[in-house]
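Undergrad: sequence first, predicted model second:
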Amino acid sequence: DTEVTQTPKHLVMGMTNKKSLKCEQHMGHRAMYWYKQKAKKPPELMFVYSYEKLSINESVPSRFSPECPNSSLLNLHLHALQPEDSALYLCASSQDSGTQETQYFGPGTRLLVL
Amino acid sequence: GQNIDQPTEMTATEGAIVQINCTYQTSGFNGLFWYQQHAGEAPTFLSYNVLDGLEEKGRFSSFLSRSKGYSYLLLKELQMKDSASYLCAVRNYGQNFVFGPGTRLSVLP
């Protein structure tokens, strides 16, 4: 099973709303990632969790708040977003050991901020 | 600094061979990955190189020269379904993946 699941698939929210994106994997991977991808652009790394600890935060605004409740789950809490935050949000996971391990991506959550 | 460069768009004919180049300058290097991404879908893994040379996987091959900061993805016997964006990504030390801008490939009949 090489599946990463994400919910919801689509999300529309206002600038004053609070919402959360969820990501789950059952491959025993110990590294999990959040990416943001705008149309016709490559994914941009936001956060990396390694062994349930935040290891990389790529200067992401505080209105995005990641959480890793356990080794299988990764959340991204959203609050007071701006219209320019509208994008595809991708979750990924990898083994976090060895050098040949690639990332497996979830299908993404398409977010629209009004 | 970190910089990864790829051609923006390429066009090829069904059944042909196409080579997509990637050049990189990164603060660390722990492997280069190629991903395929169809419009509206998540990236899927195609190939991985960490040592110099050619890795072959069916219709797809990838080449790496670390001294030149250069890689290419070779697609043979092109099919219409190969129309997609192809992303080159470098993994720095640790788990930091940096993606190139992607190359949009159009395969024509």
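TA: Here it is on my side, so go on. Numbers count the residues shown, from 1 in each chain, chains lettered A, B, ... in the order given.

Undergrad: contacting residues for residue 87?
TA: If you meant another chain, say so; for now it's chain A. In this structure, A:Ala87 makes contact with A:36-38, A:111, judged by CB atoms under 8 Å, 6 or more residues apart in numbering or on different chains. C-betas here are computed from N, CA, C, even on glycine.

Undergrad: you looked at the wrong chain, it should be chain B
TA: Counting by CB under 8 Å, 6+ apart, B:Leu87 has contacts A:42-43, B:6, B:34-37, B:43, B:99-100, B:102.

Undergrad: before we move on, back to that, wait, which of the contacts of A:Ala87 is closest to B:Tyr24?
TA: In terms of CB to CB, no member of the contacts of A:Ala87 lies closer to B:Tyr24 than A:Gln37, at 19.5 Å.

Undergrad: wait, isn't that closest one in contact with A:Met46?
TA: No. Between A:Gln37 and A:Met46 there is no contact under CB atoms under 8 Å: 10.3 Å.

Undergrad: next one: stretch A:30-40, is it in contact with chain B?
TA: Yes. Using CB under 8 Å from any CB of the partner chain, stretch A:30-40 comes into contact with chain B via A:31, A:33, A:40.

Undergrad: lowest average confidence, helix or strand, in the chain?
TA: Since no chain was named, I'll use chain A. Least confident helix or strand of chain A, by mean pLDDT, DSSP states H and E, is strand A:53-57 with a mean of 86.

Undergrad: oops, chain B please
TA: strand B:97-99 (a mean of 88).

Undergrad: for that strand, what is the distance to the chain centroid?
TA: On the basis of CA atoms, centre = their mean, to the nearest Å, strand B:97-99 sits 12 Å off its chain's mean C-alpha point.

Undergrad: the residue nearest the centre of chain A pairs with what?
TA: Against the mean C-alpha coordinate of chain A, by CA atoms, centre = their mean, the closest residue is A:Trp34 at 2.8 Å. Counting by DSSP bridges, A:Trp34 forms beta bridges with A:Phe47, A:Cys91.

Undergrad: which bits of chain A sit near chain B?
TA: So far as CB under 8 Å from any CB goes, chain A lies against chain B at A:31, A:33, A:40-45, A:48, A:50, A:55-56, A:90, A:94, A:96, A:99-100, A:102-108.

Undergrad: burial check on the closest residue to A:Lys18 other than its chain neighbours, number of neighbours?
TA: Closest residue in space to A:Lys18, ignoring its immediate chain neighbours: A:His79 at 4.8 Å, by CB to CB, 6 or more residues apart in numbering or on different chains. Other residues near A:His79 come to 15 when the count uses other CB atoms under 10 Å in any protein chain shown.

Undergrad: and if you look at the one 5 residues further on?
TA: Neighbourhood size, A:Glu84 [other CB under 10 Å]: 8.
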